[in-house]
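Peer 1: Quick one: sequence plus predicted model below, questions after.
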Amino acid sequence: MGIAIADYGMGNLFSVAKACARVGLEAFITAEPERAQAADALILPGVGAFSDCNDNLRQSGLDQVVMDFYQQDKPVLGICVGMQLMFEYGEEDGLYQGLGIFPGKVVRFQAGRKIPHMGWNTLQNPHNDTPMDLIFADLPCDPYVYFVHSYHADEASLEYAIAVTDYQGAVFISAVRRRNCWGLQFHPEKSADAGLQILKNFGREVNCL
């Protein structure tokens, strides 16, 4: 059935779909929970405020699809705010409950740093004694990827971190994994060859899970 790209009105849907097509992934955009449920894997993109994305996701019914995939060990990839929605809470414009797949909150960068964090930055291994997650296979050391965000996951989820990034002296979690669920704070669809390789690797993981 391929990879469903969840359309809840808050994501770079066509950019993600185009990037998937470039690496040979069979991906389709859908706003229908039933159709998404039948897919082999799910991509949850997101652009905008946590509260708006959270409301739209729940109203669409696709929130339950994400949780069903998690519980059934079917692969899920959250991108930018799509990653943030998988945490317990988000603090943007108030305190809002997320999906709770990952522990902790999504918090604003502390004062003294230019926000949003926008542009190219590197991914670093948070666990030097182990190799990087397979979703980063065939990438150079400390690859550059593209970020646009003012909020990030707090340290409560550090045990699930598979990449961290240094932004003006603040080291934040830039990618997470819990079993079959990955979250990327950056935009792979905007990250040139590195981003395409990450999407390709996700496709490989879909086939082996």
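Peer 2: Yes, it's here.

Peer 1: I'd like the distance between the residue nearest to Leu95 when sequence neighbours are not counted and Lys200.
Peer 2: What sits nearest to Leu95 in space, not counting adjacent residues and going by CB to CB, 6 or more residues apart in numbering, is Tyr89, at 5.9 Å. Using the backbone N, CA and C atoms, a C-beta is placed for each residue, glycine as well. With distances defined as CB to CB, to the nearest Å, the gap from Tyr89 to Lys200 amounts to 32 Å.

Peer 1: related to what we said a few turns ago, now for the residue nearest to Leu95, how many residues are close by?
Peer 2: Other residues near Tyr89 number 18, with proximity taken as other CB atoms under 10 Å.

Peer 1: Give me the contact list for whichever strand or helix holds it.
Peer 2: In this assignment (DSSP states H and E), Tyr89 forms part of strand 87-90. Where contact means CB atoms under 8 Å, 6 or more residues apart in numbering, the residues beyond strand 87-90 that reach it are 50-51, 54, 84, 95-106, 151, 153, 157.

Peer 1: 7 Å instead?
Peer 2: Under the contact criterion CB atoms under 7 Å, 6 or more residues apart in numbering, strand 87-90 has outside partners 50, 54, 84, 95-98, 100, 102-106, 153, 157.

Peer 1: same check, this time on stretch 110-118
Peer 2: In this structure, residues lying in contact with stretch 110-118 by CB under 7 Å, 6+ apart are 109, 147-150, 167-168, 170.

Peer 1: nearest residue to Gly195 other than its sequence neighbours?
Peer 2: Nearest in space to Gly195, with sequence neighbours left out and distances taken as CB to CB, 6+ apart, is Pro188 at 3.5 Å.
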